[in-house]
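[1] I would like the atomic coordinates for the input below:
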Amino acid sequence: MSKARELFDRELTGLRDNILHLAEMTEVAIKLAVQALKDQDKNLAHRVIADAGHIYVHRQVQGTQFLNHEHAGTKTARVR
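    A predicted model of the protein is given here:
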């Protein structure tokens, strides 16, 4: 397998893992939000809101790292 293909596979695996991690974080946030609504638990609701901020920041950091990733002396193409 070529080095370029190995690099691509590693980056693709990393991207998949990051997406799965964000999905897991989001799933937990949704479950907790529903529980907060059911129980009318303001403290839990505030925790969900704070955690949502962490999810947003994590997503932004991962997106920025992906868009700014440099390899072989060139930047990856940005898709908008």
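[2] I'd guessed residue 45 sits against residue 35; true?
    No - Residue 45 lies out of contact with residue 35 (C-beta atoms under 8 Å); the separation is 9.4 Å. Where C-beta positions appear, they are placed from N, C-alpha and C, glycine not excepted.
[3] Next one: residue 44 from residue 22, what distance?
    21 Å (C-beta to C-beta, to the nearest Å).
[4] Could I get the full set of helices for the protein?
    Under the criterion DSSP state H, the chain carries helices at the ranges 3-39, 42-68.
[5] Quick one: list the elements packing against the longest one.
    Spelled out, that is helix 3-39. Here helix 3-39 touches helix 42-68, going by 3 or more C-beta pairs under 8 Å, 6 or more residues apart in numbering; DSSP states H and E.
[6] cutoff 10 Å now
    Packed against helix 3-39, as judged by 3 or more C-beta pairs under 10 Å, 6 or more residues apart in numbering; DSSP states H and E, are the following elements: helix 42-68, strand 70-71.
[7] Just want the angle from the longest one to helix 3-39.
    Going by axes from the mean of the first three to the mean of the last three C-alpha atoms, to 10 degrees, helix 42-68 is angled at 160 degrees with respect to helix 3-39.
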